[in-house]
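In: Please find the sequence and the predicted model below.
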Amino acid sequence: MRRVSIKDVAREAGVSTTTVSYVLNEITTQTISSETSRRVREVAKRMGYVPNLNARSLTSRKTNLIGIVIPQTEPGREFMFDNPFYGALLSSLEFNARRNGYHLLLTGPASGQSYIGVARNRGVDGIVIVGSYPSSSLDELHQLSIPVVLIDTYVTDESFHTIGINDRQGGRMATEYLLSRGHRGIAFVSGGISEHGVMRQRFLGYQEALEAAGLQVREERLYTGEVSFQHGMQAAKELCSQQDITAVFAAADILGVGVVKGLRQQGRRVPEDVSVMGFDDLDLAQICDPSLTTMRQDIAAKGRQAILTILDALDGKPDKQEWIFPVDLVVRDSVRSVGRPVTAQKHRRPDSGEELNE
């Protein structure tokens, strides 16, 4: 069956192809009567006209596509949608792209695969990359004349826009909360701690909070692996052998929910025997039983700002944008108090005797 063309619609409606184009593309700079607009739309609908986006892109040099790249940073894993963080982020990206007339092209290249092929092969107008590390694939993007936004990526490059949170501060705040509830034996459960990754930043926050309280990081209390429910469960099973662990800081909610499940399987109660702290404040944190005390980040705001930053750049705004969104403590039911609260150690100024908190 032959595709209905804009010429067919124009002929049937008794107007020029230019008028049809103006009406269907909602170009308001031209004076077209409401009666003509109504007739063109009715004819286009009755004839089943569908815009040829490929032809439009050849004319405008725009595809109205935004590439979303989520690198597979954990070798051998399928796409990481088992972590609801990505679903929440993609939902925001898609909604904000669609409301501005754009669509998404989603890809998850494995480690070592090039990002630049996504842009060249599909002609996207901009790219959003989530959770990447410094690499030759990122460097190659300098060859393109399209905007690139990095989310949750610790890369210093003036060519790229960046969006994230202060993961280090969030890790410190989470650990400080556990210390304030009297916990001293605090395990850390996370994904792989790569030099430029968010997990390393959250670990550094954990380390800083312990050291400020006069405690040291103990290797046997660190459980690193995949950011997955299964790893959380396995870490819980292993940490039960250490009787002095009274709390767990899980560096992602999906890990925290796995820890809660794993502790239960080992006959441990949460929070009566072991308290659990998460990070992200996904819906999963509220569904969990007990509901998960966690650090909240505004995932929807990250997605919204990524799309707006792409649109700003396409509109010709040249300045690099850098957005750091806040993190907040959300207290629920998975943490309880034990013993005496632990606070940062105090020191005296040698010249005044005044006490200072670290």
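Out: Now that the structure is in, tell me what you want to look at. Numbers count the residues shown, from 1 in each chain.
In: C-alpha from now on. contacts and neighbour counts both.
Out: OK.
In: Figure out how far whichever strand or helix holds V149 is from the centre of its chain.
Out: With the criterion set as DSSP states H and E, the secondary-structure element containing V149 is strand 148-151. Shown here is strand 148-151, whose average C-alpha point lies 11 Å from the average C-alpha point of the whole chain (Cα atoms, centre = their mean, to the nearest Å).
In: now for it, which elements pack on it?
Out: For strand 148-151, the contact count by 3 or more Cα pairs under 8 Å, 6 or more residues apart in numbering; DSSP states H and E identifies strand 126-130, strand 161-165, helix 299-314 as packing neighbours.
In: what separates the residue nearest the centre of the chain from I129, distance-wise?
Out: In the chain, the C-alpha closest to the average C-alpha coordinate belongs to L89, at a distance of 5.1 Å (Cα atoms, centre = their mean). Shown here: L89 relative to I129, a distance of 12 Å by Cα to Cα, to the nearest Å.
In: same check, this time on T107
Out: Counting by Cα to Cα, the gap from T107 to I129 is 10 Å.
In: These two: which is more packed in?
Out: Remark: of T107 and I129, I129 carries more neighbours, 22 against 16, as counted by other Cα atoms under 10 Å.
In: Name the spans of the stretch 251-358 of the chain whose pLDDT lies under the cut-off.
Out: For the stretch 251-358 of the chain, applying pLDDT under 70 flags the ranges 342-358.
In: in it, which spans are strands?
Out: 275-280, 293-297, 322-325, 327-330, 346-348, 355-357 (DSSP state E, counting those that start in this stretch).
In: Single out the most deeply packed of the ones you listed.
Out: Most buried of the strands of the stretch 251-358 of the chain, by mean neighbour count (mean count of other Cα atoms under 10 Å): strand 275-280, with a mean of 28.
In: returning to that earlier point: what does the one helix or strand the residue nearest to the centre of the chain maps to contact?
Out: Counting by DSSP H and E, the secondary-structure element that holds L89 is helix 84-98. Outside of helix 84-98, the residues that reach it under the criterion Cα atoms under 8 Å, 6 or more residues apart in numbering are 66, 80-81, 103-104, 254, 280, 282, 284, 299-304, 306-307.
In: likewise stretch 297-313?
Out: Outside of stretch 297-313, the residues that reach it under the criterion Cα under 8 Å, 6+ apart are 85, 88-93, 96-97, 126-128, 147-149, 151, 161, 163-165, 280-281, 321, 325-328.
In: what's the answer for stretch 9-29, then?
Out: With Cα under 8 Å, 6+ apart, stretch 9-29 has contacts from 6-7, 30, 32, 37, 39-41, 43-44, 47, 49.
In: Just put those residues in CSV and tack on neighbour count and secondary structure.
Out: Written out in CSV, the entries for these read as follows (neighbours: other Cα atoms under 10 Å; DSSP: H, G, I helix; E, B strand; the rest coil):
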residue, neighbour count, secondary structure
I6, 19, helix
K7, 15, helix
Q30, 10, coil
I32, 13, coil
S37, 17, helix
R39, 17, helix
V40, 23, helix
R41, 17, helix
V43, 17, helix
A44, 22, helix
M47, 15, helix
Y49, 16, coil
